[in-house]
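Engineer: next comes the sequence, and after it the predicted model I'd like to discuss.
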Amino acid sequence: MVKDTAASVNRRNDIISAAIEIFAETGYYRATTAQVAERAQISQPYIFRFFKTKEDLLLTALEVSWARVIDTFRTVVETATPEKLESDLIEAYEQILESHKSEILLQTQAQTIREEVIRQAMQQGIGGIRTMVLKAFIDAGIPQAEEKTKIFLAVGLLCNMSVALNMPELMRN
């Protein structure tokens, strides 16, 4: 039984990873669950064992991508000195951009999806990052923490556009 549960969790994760890649490559509206199934090397009906709809799959993929950023930032906040907090957060995000490009492309595309449930997922993701960074800046005694947080988020979104448009000149040097 434990083995079956572990296998199910692994298959579910395979499906989510495949969905992130497919949605990032082709866009949510053009992507099909058949493409996701092919990438995950499973049958299409097997996807629906875990996700009721393609939208549920997208929401889960977004949750996974936001959780990665939050978890990474949490680690930085717990370990960085106040003097290096902002630069360490930036460096950590640059690593995410490099190692999980599909997740960032997924988030970038999802910003334009008008379905309310998707917008709410994006608001929660960005809102969670904002709350964490603002608290960390305040706790670190960074002057004008609110303004610094807005700039930090704006630069992060610019970095996302840099990746999406293949314009590395928009990234910091």
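Structural biologist: Thanks, I have the structure now.

Engineer: so in this protein, where's the weakest helix or strand by average pLDDT?
Structural biologist: Every helix and strand of the chain was ranked by mean pLDDT, DSSP states H and E. The lowest is helix 2-26, at a mean of 87.

Engineer: pLDDT weak spots in the chain?
Structural biologist: Flagging of the chain using pLDDT under 70 yields the residue ranges 1-4, 172-173.

Engineer: tell me where it has helices.
Structural biologist: Under the criterion DSSP state H, the chain contains helices at 2-26, 33-40, 44-47, 54-79, 85-99, 101-110, 116-139, 145-165.

Engineer: and the second one with helix 2-26, angle?
Structural biologist: Yep, that's helix 33-40 we're talking about. For helix 33-40 against helix 2-26, the angle by axes from the mean of the first three to the mean of the last three CA atoms, to 10 degrees is 120 degrees.

Engineer: quick one: the most centrally placed residue in the chain from residue 86, how far?
Structural biologist: Central residue of the chain (CA atoms, centre = their mean): residue 65, 2.7 Å from the mean position. Distance, residue 65 to residue 86, by CB to CB, to the nearest Å: 22 Å. Quick note: C-beta positions are derived from backbone N, CA and C, even for glycine.

Engineer: returning to that earlier point: quick check: closest non-adjacent residue to the residue nearest to the centre of the chain.
Structural biologist: residue 103 (3.7 Å; CB to CB, 6 or more residues apart in numbering).

Engineer: before we move on, back to that, mean neighbour count, the helices of the chain: which tops it?
Structural biologist: Of all these, helix 101-110 has the most neighbours on average by mean count of other CB atoms under 10 Å, namely a mean of 20.

Engineer: which other helices and strands does that helix contact?
Structural biologist: If you count contacts as 3 or more CB pairs under 8 Å, 6 or more residues apart in numbering; DSSP states H and E, helix 101-110 packs onto helix 2-26, helix 54-79, helix 85-99, helix 116-139, helix 145-165.

Engineer: what's in contact with that helix?
Structural biologist: Helix 101-110 is contacted from outside by 20-21, 23-25, 27-28, 58, 61-62, 64-66, 68, 96-97, 118, 121-122, 125, 160-161, 163-164, using CB atoms under 8 Å, 6 or more residues apart in numbering.
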